[in-house]
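> Compute the structure for the input listed below.
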Amino acid sequence: MRTLSDSGEKTVKTVCSTCYCGCGVLAHVKDGRVVKIEGDPDHPNSKGNLCTRGKIGAELLYHPDRLNYPLKRAGEKGEGRWERITWDEALDTIADKLQEIKAQDGSESIVLATGAGLYYNMGLLGLMCQKLGTPNVMLDGHLCFMPAGFANRSTTGYESSILCTELMFDEVLNSNCILLWAANPRNTVPYPVGEGIFDVKKNGTKLIVVDPRPTDYAKVADHWLQIKPATDDALALGMINVIINEDLYDKKFVSEWTYGFEKLKVHVQQYTPEKVSEITWVPSDKIIAAARMFAQTRPSCVCQRVPLDQTENAVQTSRAILILTSICGNLDIKGGNLLPHPPKIKSEFPLFGLPQSELPREVVERRIGAKELPLLSGPDAGLAIVHPTMFHNQLLSGEPYKIRALITSGKNPVVADQDSRKVVRALKNLELSVTLDLFHTPSSELADIVLPVASWLERDGLRGHPSYPFVTPVQHQVVAPLYERWDDVKFFTELGKKMNLDIPWDDVTGYINFRLEPKGITFKDLEGVNFIASPKAYDRVASGKFKFNTPSGKVELYSTFLEKFGFDPLPNYKAPPESTEEFPLFMTAKKSKVYVHSTGRQINTMRKMVPEPTIEICPETAHGMGIADGDWVWLESIYFAGDERARFKATLVENYLPKVVSVEHGWWFPEKPDPEHGCYESNINTVIPDDIFDPIYGCSAIKGLPCRIYKA
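Take a look at the predicted model:
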């Protein structure tokens, strides 16, 4: 719906892209200015609801601190001196330098990177890498969704994170028993899942919550398993133990569609509820009761979130949880966890990484980190990406080859990546660093060229998280980009033209049409439409319409895929680091209920809601240290003792685990005028090392690390 009246007023149907949910929006424009944003009641997911992230769209659009013109560094890296240039000069400078690098050292010396800031360019970067001839595309997938997707690949053969809350959407509301595992969808997917769970709970749906924090869901759960951080693998194996030993599993599904059940049965005998209780701090009777409820209240579903991707045993943890739901017969049924669906739109080779078939194997073998993390970055990886730690190490060492150029779109690595000061040292080694973003950040201040990108009200496109199985959000430009802001699709298109690359479209609309080719429609056909829906499908396995892409053709409880690469074919427990007398607490990082990672601190509406970085503490623990609610405290980890610390404001929370503290990640202070913008002051990544990760997939360990706190 795009209507225009004689008075110069119009309403545009579009979707918000501040985060990955892609909620429906009605944007009202008067005399060329956005004057009101409200939820679209016709959108199948959000149904007229809109959280703060969407409501501030106009505030973001017209923010006085937005980047509006291309800039070139005028002083030393990180000095904060800039001069305005034209887009032509920016494109010529970048294209000439990239051509020089390709000719002198090869395309692998060029890296493209993105993060969570712009949810619509992930696959585009993979395609641009293909055209440039570099195997090096980098993003934060190693600790967000992709480990769970890889666990699914090694179990069902498909690299799709089918247990993640975002991919369930309203299907979770059809369940008789919902298991929220490290998930707080009121903060991450508020509509329809986050609020909908409370509604179905009132109507009789059972709710199990696995979370160390007393979330709103934990307070109303039938069973709240308040777990020690980073011991989720043991809990899942303990629940499997109960279900198998009490004969509660789905015998028909296990017999017909799983491989390795007898080996699993023997394997989990070591994970008795009593032993698991000692590991996890969850009482054994609660483990047993939760396992029984999940197995006996079908259909049941698991909704997990990215905290499970952020431990040293992330892949095996997600494997154990996937096995738990599989043996209970909850795959491929209404109200259960649905299996992957074919993509409805072209997935850009692919959405996250770079497929091996697009570049010669000898080129792929030179991907950064290919030897250290072969299943993430090597020639046999699926959605292959570069791990940030390997990238920073190679920038600093120059081995096995020198990285000379980086183009970053919507990523703030100084705040987002672990060991922040090391990140800064590494980024200063680049010959050419280009950043595309909405605002200056601590990371853009280290670049050579900074380019202004359009916000979601200034864009057309297919948005949201790229793995949505049922609804693809469709975005329509509400107003033309202000000043000299560009859609980053336009930037990469024009850069490709300057470099004579084979880009299969001419402009942004052509790019959207390129993606829509499999559907046989064009973007013009979607005028007035803000979503593409696909029907759900159930019971495809039994009907022969779906086949597990594993060597056995079944759900591999015993993974022959992992076995082939020398990893344990059965999920196991790996003990997290232990606390000490000097570092008696365990820290975990959490997402803000308002901000999206490191974005949004400039937005007044958001900043008023969450003005300062906080740390959650058990009242008894805090009082024993002389800390009161609202006090500022220092946090130090065992890994940077005496060298680094981060500062947070104490929030005392009842029913918190006494030995656990939780801090908001992503904090920096845009209002601070120096180029660092306070990026070290309250940034949890300053005290988290970058070299502790899952050996299978490189998942960075940022949960359950030993720490200490004291009053500031």
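> For residue 299, which residues are in contact?
Going by C-beta atoms under 8 Å, 6 or more residues apart in numbering, residue 299 touches 174, 175, 176, 177, 330, 333, 334, 335, 336. In short, each C-beta sits where N, CA and C put it, glycine included.
> If you could redo that for residue 627, that was the one I meant.
Residue 627 makes contact with 617, 633, 650, 709, 711 under the criterion C-beta under 8 Å, 6+ apart.
> go on, residue 310?
Neighbour list for residue 310: 143, 589, 699, 700, 701, 702, 703 [criterion: C-beta under 8 Å, 6+ apart].
> As a markdown table, those with distance to residue 409 would be great.
Listed next are the contacts of residue 310 as a markdown table, based on distance: C-beta to C-beta, whole Å:
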| residue | distance to residue 409 |
| --- | --- |
| 143 | 19 |
| 589 | 24 |
| 699 | 23 |
| 700 | 21 |
| 701 | 27 |
| 702 | 23 |
| 703 | 28 |
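> How many residues are close by the residue lying closest to residue 419 once chain neighbours are set aside?
If the residues on either side of it in the chain are set aside, residue 419 comes closest to residue 690, at 4.2 Å by C-beta to C-beta, 6 or more residues apart in numbering. Residue 690: 21 surrounding residues under other C-beta atoms under 10 Å.
> Which strand runs longest in the chain?
For the chain, the strand with the greatest residue count under DSSP state E is strand 703-711.
> contacting residues around it?
228-231, 307, 310-311, 576-580, 582-589, 615, 617, 625-627, 631-639, 661, 687-688.
> Now the buried members of those residues.
Buried members of the contacts of strand 703-711, counted by 16 or more other C-beta atoms under 10 Å: 228-231, 307, 310-311, 576-577, 579, 583, 585-589, 615, 617, 627, 631, 633, 635-639, 661, 687-688.
> Show me the residues you listed that map onto strands.
Within the buried ones among the contacts of strand 703-711, residues falling in strands by DSSP E are 585, 586, 587, 588, 589, 615, 617, 633, 635, 636, 637, 661.
> Can you get me a residue count around residue 613?
Counted with other C-beta under 10 Å, residue 613 comes out at 23.
> looking at it, it is touching residue 669, isn't it?
No. Under the criterion of C-beta atoms under 8 Å, residue 613 makes no contact with residue 669, lying 9.3 Å away.
> sorry, back to before: pick out the most distant pair among the contacts of residue 310.
The span of the contacts of residue 310, defined through C-beta to C-beta, is set by 589 and 699 at 13.7 Å.
> strands paired with the longest strand of the chain, and their directions?
Strand 703-711 pairs in its sheet with strand 585-590 (antiparallel), strand 632-637 (antiparallel), by DSSP bridges.
> any idea whether residue 54 is helix, strand or coil?
Of the three states, residue 54 takes helix under DSSP: H, G, I helix; E, B strand; the rest coil.
> How many neighbouring residues does the closest residue to it other than its chain neighbours have?
Closest residue in space to residue 54, ignoring its immediate chain neighbours: residue 16 at 3.7 Å, by C-beta to C-beta, 6+ apart. Applying other C-beta under 10 Å, we find 28 residues neighbouring residue 16.
> who's in contact with residue 286?
223, 225.
> In terms of helices and strands, where is it?
Under the criterion DSSP states H and E, the helix or strand holding residue 286 is helix 284-296.
> Which parts of this protein belong to which domain?
Listed by automatic domain parsing, the domain ranges of the chain are 71-139+362-455+487-527, 146-341, 585-711.
> between these, which gets nearest to residue 534?
Relative to residue 534, the nearest member of the domains of the chain by C-beta to C-beta is domain 146-341, separated by 6.8 Å.
> Residue 552 is nearest to which of the domains of the chain?
Set against residue 552 and scored by C-beta to C-beta, the domains of the chain come closest in domain 146-341, at 4.1 Å.
> Need the distance between the two termini of the closest one.
Taking C-alpha to C-alpha, to the nearest Å, domain 146-341 runs 17 Å from one end to the other.
> center of the protein, which residue is that?
Nearest to the mean C-alpha position of the chain, counting by C-alpha atoms, centre = their mean, stands residue 144 at 3.7 Å.
> What count of nearby residues applies to the nearest residue to that one once chain neighbours are set aside?
In this structure, residue 144 finds its nearest non-sequential neighbour in residue 306, 4.9 Å apart by C-beta to C-beta, 6+ apart. Close neighbours of residue 306, defined as other C-beta under 10 Å, add up to 23.
> close enough to count as contact, residue 306 and residue 141?
No. Here residue 306 does not reach residue 141: they are 10.2 Å apart, not a contact under C-beta under 8 Å.
> Averaged pLDDT, stretch 563-575. What do you get?
Taken as a whole, stretch 563-575 has a mean pLDDT of 97.
> Which positions within it qualify as buried?
Applying a neighbour-count criterion of 16+ other C-beta under 10 Å, one finds 567, 568, 569, 570, 571, 572, 573, 574 buried in stretch 563-575.
> ok, now stretch 676-694?
Across stretch 676-694, burial judged by 16+ other C-beta under 10 Å covers 676-690, 692-694.
> Same question for stretch 655-671.
For stretch 655-671, burial by neighbour count (16+ other C-beta under 10 Å) applies to 656-657, 659-670.
> which one of those is nearest residue 239?
Among the buried residues of stretch 655-671, residue 657 lies closest to residue 239 (C-beta to C-beta), at 19.9 Å.
> ok, and the closest non-adjacent residue to that closest one?
Nearest residue to residue 657 in three dimensions, chain neighbours excluded: residue 212, at 5.3 Å (C-beta to C-beta, 6+ apart).
> surely the one you found meets residue 225?
No. In this structure, residue 212 is not within contact of residue 225 by C-beta under 8 Å, at 9.4 Å.
> the more surrounded of those two?
More crowded of residue 212 and residue 225, by other C-beta under 10 Å: residue 212, with 28 against 24.
> So what touches stretch 91-105?
For stretch 91-105, the external contacting residues (C-beta under 8 Å, 6+ apart) are 72, 107, 109-110, 132-133, 401-402, 404-405, 407, 431-432, 434, 449, 494-495, 498-499.
> related to what we said a few turns ago, out of the buried residues of stretch 655-671, which comes closest to residue 65?
Nearest member of the buried residues of stretch 655-671 to residue 65, counting by C-beta to C-beta, is residue 670, at 7.0 Å.
> so what's residue 49 up against?
Residue 49 neighbours (C-beta under 8 Å, 6+ apart): 23, 39, 190, 191, 192, 195.
> In ChimeraX, select just the buried ones from the contacts of stretch 91-105.
Provided next is the ChimeraX selection string for whichever of the contacts of stretch 91-105 are buried by 16+ other C-beta under 10 Å:
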select :107,109,110,132,133,402,404,405,407,432,434,449,494,495,498,499
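> what comes up buried for the longest helix anywhere in the chain?
For the chain, the helix with the greatest residue count under DSSP state H is helix 87-105. For helix 87-105, burial by neighbour count (16+ other C-beta under 10 Å) applies to 87, 90, 91, 93, 94, 95, 97, 98, 101, 102.
> Isn't residue 545 up against residue 341?
No. Assessed by C-beta under 8 Å, residue 545 is found out of contact with residue 341, at 10.9 Å.
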